[in-house]
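A.B. asks: Everything below, folded, please.
(one chain, ligands or ions: 2)
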Amino acid sequence: MPDGFTSAEERAAFIAALPKAELHLHIEGSLEPELMFELAQRNKVAIPFASVEDVRAAYAFSNLQDFLDIYYQGMGVLHSERDFYDLTAAYLTRAHADAVRHVEIFFDPQGHTDRGVAFGTVIAGITRALDDARTSYGMTSKLIMCFLRHLSEAEAEKTLDEALPFLDRIDGVGLDSSEVGHPPAKFERVFGRARSLGLKIVAHAGEEGPPAYVHEALDLLKVHRIDHGNRSLEDPALIARLAAEGMTLTVCPLSNLKLCVVNDITAHPLKTMLDAGLKATINSDDPSYFGGYVNANYQAVADALDLSKDDIVTLARNSFAGSFLNETGRAKHLAAIDAYAAAA
Ligand code: ADE
Ligand code: ZN
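C.D. replies: Numbering: from 1, shown residues only. Ligands and ions are numbered 1, 2, ... in the order given. Below you'll find the model as predicted:
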C-alpha cells in the first residue's frame, strides 16, 4: 500500500485532481498525429506517413537525436497563426484536464523561421491560445523561447534580435536540441544579453550531456532552473550544490524512458533526487511523442517508485515554487495544494 493512501487507485485519483504547474513542455512536442494530418492537409504539406498509426509506429527512439529528427520533421506542418493557435489550444485543453493551473511553455522559433514562417506568426498563435486559456480555465502561463544548440551562437543572437519586438510576451530563454557536443559555454554571450534584457534563464543540461554541462549552465548561463539534470547524480559535489542553491530540476520521466536516458521506469532517479534534497518537478517534455501528458508522468513514477503522498505533494509544491510566478501567485497555489492534501 502506498504511504498515505489506502490503495493505488486512491493515489491515482489524488494525482489526477492535484493542482500542479507544468514547467517543461515543448509546444511543438504536443503535436498529436491527428492534428499533424489535419495541418498537413490544410497546408498541403507532404508527410512521409500514410496514417495516424504509421506516425505512432515511427515513435520508437534509441536516443535524443532519433527523436529530434522526427520532431523537426513533424513541426513542418505548422505554418499559419491558426496552426499555432490550434496546436497550443489542444495542449492547454489537455493540461486543464490534468488539473494544471499554470504552464511555462517552450517554443523553438528557429524551427519555424528557418522554414520561412515569420516570428510574429508563431508568437501570435501561441499567445492567443494562452490568453484564451486564462479566460476559459483561469490558467496562467509564461512563454520561454529556446535556442537550438546544434545551431551557432550567431544564429541564436539573430533569433534574440527577432524577438525584441515581442518581449512583452516572452518571459524567458532556454537551450534545447542535441546536447552532446554543444555545451552551454557555446552560448555564454547570447545568454548574457538575454539576462540584461530581464529575461528568465533555463537550459537543458544533463539529459545526455555530462555533469560538467550542468556546472556550465549554472556558472556561465546563470540559469534559474535546470531542464532534466539527470546526470547531475553522477557528481556528488554537484548534487550538494544544487541542493544548497535550491535549484529546480524539471524532470521528465516518460521522456527519459522513451529516449533511453533510463532503461526502465523502475530505474528512474526521481525518488533519489527527492531523497537527496533536490527540487525535482514532474513534466511531460514532448507528450505526443513520449506517450503521456503530465498526469501520466506522475502516475508512471508513482507506480514504479511507489511514491508516498508526501512525495507527490512535494513534487506539486516544487512545480509552483520553481515557477516564474510572482511571490503572491506562488503562495496562492501552494496554499491550494495544502488545502487539497488536507481534505483528501
Ligand atoms: N527539444 C524538444 N524536446 C527536447 C529534449 N527532451 N531535449 C532536448 N531538446 C528537445
Ligand atoms: Zn525538453
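A.B. asks: after the helix or strand where Gln299 lies comes which helix or strand?
C.D. replies: Under the criterion DSSP states H and E, the helix or strand holding Gln299 is helix 294-305. Downstream of helix 294-305, the first helix or strand assigned by DSSP H and E is helix 309-321.
A.B. asks: And for that following helix, what's in contact with it?
C.D. replies: By CB atoms under 8 Å, 6 or more residues apart in numbering, the surrounding residues in contact with helix 309-321 are 2-5, 11, 14-15, 18-23, 102, 248, 271, 274, 279-282, 298, 302, 307, 330, 333-334, 337, 341, 344. From N, CA and C alone the C-beta is placed, and that goes for glycine too.
A.B. asks: near ligand 1 too, which of those?
C.D. replies: Restricting those to those within reach of ligand 1 (CB under 6 Å from any ligand atom) leaves nothing.
A.B. asks: Those in strands, which ones?
C.D. replies: Among those, DSSP state E puts Lys20, Ala21, Glu22, Leu23, His102, Thr248, Lys279, Ala280, Thr281, Ile282 in strands.
A.B. asks: For Cys252, see how far away the third one is.
C.D. replies: When distance is defined by CB to CB, to the nearest Å, Glu22 is 10 Å away from Cys252.
A.B. asks: Common neighbours of the two, please.
C.D. replies: Joint contacts of Glu22 and Cys252 (CB under 8 Å, 6+ apart) are Asn283, Ser284.
A.B. asks: Can you tell me which residues in the protein are near ligand 1?
C.D. replies: Neighbours of ligand 1 within the chain, by CB under 6 Å from any ligand atom: His26, Gly29, Leu64, Tyr71, Asp176, Ser177, His204, Glu207, Ser255, Asp285, Asp286.
A.B. asks: For the fifth one, give the beta-bridge partners.
C.D. replies: In other words, Asp176. Leu148 (DSSP bridges).
A.B. asks: Around it, how many other residues sit close by?
C.D. replies: Using other CB atoms under 10 Å, Asp176 has 26 other residues around it.
A.B. asks: pLDDT score for it?
C.D. replies: As predicted, Asp176 sits at a pLDDT of 98.
A.B. asks: swap in the last one?
C.D. replies: At Asp286, the pLDDT value in this model is 98.
A.B. asks: what's the longest helix in the chain?
C.D. replies: helix 119-137 (DSSP state H).
A.B. asks: quick revisit: and the average pLDDT for the helix holding Gln299 is what?
C.D. replies: Taken as a whole, helix 294-305 carries a mean pLDDT of 98.
A.B. asks: Can I get that helix in CSV? Just the C-alpha atoms.
C.D. replies: Provided in CSV are the C-alpha atoms of helix 294-305 (Å, rounded to 0.1, in the frame of the first residue of the first chain):
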residue,chain,number,x,y,z
VAL,A,294,1.7,15.5,-17.1
ASN,A,295,-0.6,13.2,-15.0
ALA,A,296,0.6,10.1,-16.9
ASN,A,297,4.1,11.1,-15.9
TYR,A,298,3.2,11.5,-12.2
GLN,A,299,1.3,8.2,-12.4
ALA,A,300,4.2,6.3,-14.1
VAL,A,301,6.8,7.2,-11.4
ALA,A,302,4.3,6.9,-8.6
ASP,A,303,3.6,3.3,-9.5
ALA,A,304,7.2,2.4,-10.5
LEU,A,305,8.8,4.0,-7.4
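A.B. asks: separation between the closest residue to Ala276 other than its chain neighbours and ligand 1?
C.D. replies: What sits nearest to Ala276 in space, not counting adjacent residues and going by CB to CB, 6 or more residues apart in numbering, is Ile239, at 5.3 Å. To ligand 1, Ile239 is 21 Å away according to CB to the nearest ligand atom, to the nearest Å.
A.B. asks: Next, the contact list for Ile239, please.
C.D. replies: Ser232, Leu233, Ala276, Leu278.
A.B. asks: Which secondary structure state does the second one sit in?
C.D. replies: Reduced to three states with DSSP: H, G, I helix; E, B strand; the rest coil, the structure at Leu233 is helix.
A.B. asks: of all of this structure, which residue lies closest to ligand 1?
C.D. replies: Nearest residue of the chain to ligand 1, counting by CB to the nearest ligand atom: Asp176, 3.5 Å away.
A.B. asks: which helices and strands sit right next to the helix or strand bottoming out on mean pLDDT in the chain?
C.D. replies: Here the helix or strand of the chain ranked lowest by mean pLDDT, DSSP states H and E is helix 52-57, holding a mean of 93. Here helix 52-57 touches helix 33-43, going by 3 or more CB pairs under 8 Å, 6 or more residues apart in numbering; DSSP states H and E.
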